[in-house]
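Visitor: got a sequence here, can you model it:
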Amino acid sequence: MALNMSHAPEKDADNVIYGKNGSDEESQTRRGSRIADVEIDRATIGKQLALEAESAIKYRTCSWQKTAALLFSEYICLAIMSFPWAYSVLGLVPGLILTVFIALVVLYTSLTIWKFCLRHPEIRDVCDIGQYLFWDSKLAWWATAVMFLLNNTFIQGLHCLVGAKYLNTMTGHATCTITFSVVVAIISFFFSLPRTFSGLSHMATASAFFTFLSVLLATIFAGIEDHPARYSEELGNPLVTAFPVAGTTFVNGMSAFLNISYTFIGQITLPSFIAEMKDPQEFWKSVTAVTIAEVLVFSIVGAVIYAYTGNQYMTSPAFGSLGDETYKKVAFSFMIPTLIFLGVLYASVSARFVFLRFFDGTRHKSQHTIVGWASWAGILAILWILAFIIAEVVPFFSDLESIMSSLFDSFFGFIFWGVAYIRMRAADHGPNFYKVRGLRGWIGFIVNLFLIGVGLYFLGAGTYASVESVILSYHEGGFGGPFSCADNGL
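Guide: This next block holds a predicted model:
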């Protein structure tokens, strides 16, 4: 794949992406050149659609509404219920500030991804971007591929873990927790079998809707019940603080920050979604709508549940903080579609990544063949087996989120997109673009260097804090060891 940074989005998006550079002749020449490049990009998408015209399985089928549904299902998810715990550690004021800050950073970097994919409509996933960003290096492609697959499989593992929590909670630990994890993995495997994102979009809509109902009910129940779970006169009424309480450790604070970040950071799937849109120019509508919904839902749910639960009685996920067993089971049960679907979505992204590379250029990619379907099912089976193993090795909800955030979100949430911005601007204006573009160039350069720095901090300090937290959870949680049959119900 040849490295080519010269393409740009269409004329209508020109001011959004590049800003106006005056009306001088040089500026007009550059803008005209970019408009000509857009025709090439539109032609590329047209050729891709034409090649699929006679195929039984078509990939570029998503409208911006269907893409928004997929994004809603990815972000409006179980991880919302870690926000009350994060606020209890960080304090309400820093928690809300970080929520808004991370949301804006993710929106900004998501638009950077969109702009990059508009220049390169042949990109299929984040691994292609990794190769483009780091000078067409195959080593960068393989390194990105490993992180990409691990990230997605860890998320599948998280849903095996929480699915087992749900079954233990509902049945009163009727059988070994390992059995429940296996059951969730098998059910998820069968729901993963559709081969296109368009085929999953209806499931995505249902998942996001029921998740919203689940967190809404949990928030209402937290407000109307007499006391949270494990309430005692000795511990007193719920304690709510504006800032971290004295004695909050670096490990706890970092884990809370990583939990907030994990819920927002999902840019790893965006290139895959954009690659299946009929009109990628409309992606900004999908990501903007989702970001607005995220800030409102995450902040309200986190703050209200924390206010009625307090520092002393908080659990993660926050369903465990509901004192009334009926309330807890009803609210948690509405989360079932998401417990299954979100793991399914990431399994589908991973399986598609592997499958399309094995069968690119063959009839098995676009036709219903025995080899094609058997291979697709085999890839999914391997992914769900690995996910089950991860769920058993790290059986702690908030710790597993923190590990994923530090190891993978450092790259896919920050570092990659800071580099992408710098590469695009350098392609437009030369390596000294920050000088050529004046104040705008300097601001953009500094902001994106800051994003790269944040990503490196996530990778270093975040990974240290996450590993320490897992060690502490094993020592203090009383859960036993990996592959334990012990009850992990809420």
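
Visitor: what is the burial count for Thr171?
Guide: Other residues near Thr171 come to 12 when the count uses other C-beta atoms under 10 Å. Every residue, glycine included, has its C-beta placed from N, CA and C.

Visitor: contacts only, for Asp279.
Guide: Ser63, Trp64 (C-beta atoms under 8 Å, 6 or more residues apart in numbering).

Visitor: one more: Gly91?
Guide: Contacts for Gly91 (C-beta under 8 Å, 6+ apart) come out as Thr241, Ala242, Phe243, Pro244, Val245.

Visitor: touching stretch 344-358 from outside, list them.
Guide: For stretch 344-358, the external contacting residues (C-beta under 8 Å, 6+ apart) are 70, 73-74, 124-125, 127, 145, 148-149, 152-153, 155-156, 188-189, 191-192, 194-195, 197, 200, 203-204, 269, 272, 365, 375-376, 379-380, 383-384, 387.

Visitor: hmm, back to that, and the contacts of Gly91, which of them are buried?
Guide: Applying a neighbour-count criterion of 16 or more other C-beta atoms under 10 Å, the buried members of the contacts of Gly91 are Thr241, Pro244.

Visitor: in TSV: the contacts of Gly91, plus secondary structure and distance to Asp409.
Guide: Putting the contacts of Gly91 into TSV (DSSP: H, G, I helix; E, B strand; the rest coil; distance: C-beta to C-beta, whole Å) gives the following:
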residue	secondary structure	distance to Asp409
Thr241	coil	27
Ala242	coil	27
Phe243	coil	25
Pro244	coil	22
Val245	coil	27
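
Visitor: among the contacts of Gly91, give me the pair with the biggest separation.
Guide: Set against one another by C-beta to C-beta, the contacts of Gly91 have their most distant pair in Ala242 and Val245, with a gap of 10.4 Å.

Visitor: whichever strand or helix holds Phe298: which residues count as buried?
Guide: Taking DSSP states H and E as the definition, one finds Phe298 inside helix 283-309. Neighbour-count burial for helix 283-309, counted by 16+ other C-beta under 10 Å, picks out 283-284, 286-287, 290-291, 293-295, 297-299, 301-309.

Visitor: next: stretch 129-142.
Guide: Residues of stretch 129-142 classed as buried under the neighbour-count rule (16+ other C-beta under 10 Å) are Ile129, Gly130, Gln131, Tyr132, Leu133, Phe134, Ala140, Trp141.

Visitor: please apply the same query to stretch 372-391.
Guide: Buried residues in stretch 372-391, counted by 16+ other C-beta under 10 Å: 372, 375-376, 379-380, 383-384, 386-391.

Visitor: output the residues you listed in CSV, with pLDDT, secondary structure and distance to Tyr166 appended to each entry.
Guide: Formatted as CSV, the buried residues of stretch 372-391 follow (pLDDT from 0 to 100; DSSP: H, G, I helix; E, B strand; the rest coil; distance: C-beta to C-beta, whole Å):
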residue, pLDDT, secondary structure, distance to Tyr166
Gly372, 86, helix, 34
Ser375, 93, helix, 32
Trp376, 92, helix, 28
Ile379, 95, helix, 26
Leu380, 95, helix, 22
Leu383, 95, helix, 21
Trp384, 95, helix, 17
Leu386, 94, helix, 21
Ala387, 92, helix, 16
Phe388, 94, helix, 16
Ile389, 92, helix, 20
Ile390, 89, helix, 18
Ala391, 87, helix, 13
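
Visitor: ok, which pair from those is furthest apart?
Guide: When the buried residues of stretch 372-391 are compared pair by pair using C-beta to C-beta, the two farthest from each other are Gly372 and Ala391, 29.1 Å apart.

Visitor: now do the helix or strand that the helix holding Phe298 is followed by, average pLDDT.
Guide: Heading C-terminal from helix 283-309, the first helix or strand you meet, by DSSP H and E, is helix 325-333. Looking at helix 325-333 alone, the average pLDDT works out to 92.

Visitor: mind saving the C-alpha coords of helix 325-333 as CSV?
Guide: Coordinates of each C-alpha in helix 325-333 appear next as CSV, following Å, rounded to 0.1, in the frame of the first residue of the first chain:
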residue,chain,number,x,y,z
GLU,A,325,-33.1,-6.8,45.5
THR,A,326,-36.1,-6.3,43.2
TYR,A,327,-34.8,-2.9,42.0
LYS,A,328,-31.4,-4.3,41.4
LYS,A,329,-32.6,-7.3,39.4
VAL,A,330,-35.1,-5.3,37.3
ALA,A,331,-32.6,-2.6,36.4
PHE,A,332,-29.8,-5.1,35.7
SER,A,333,-32.1,-7.2,33.5
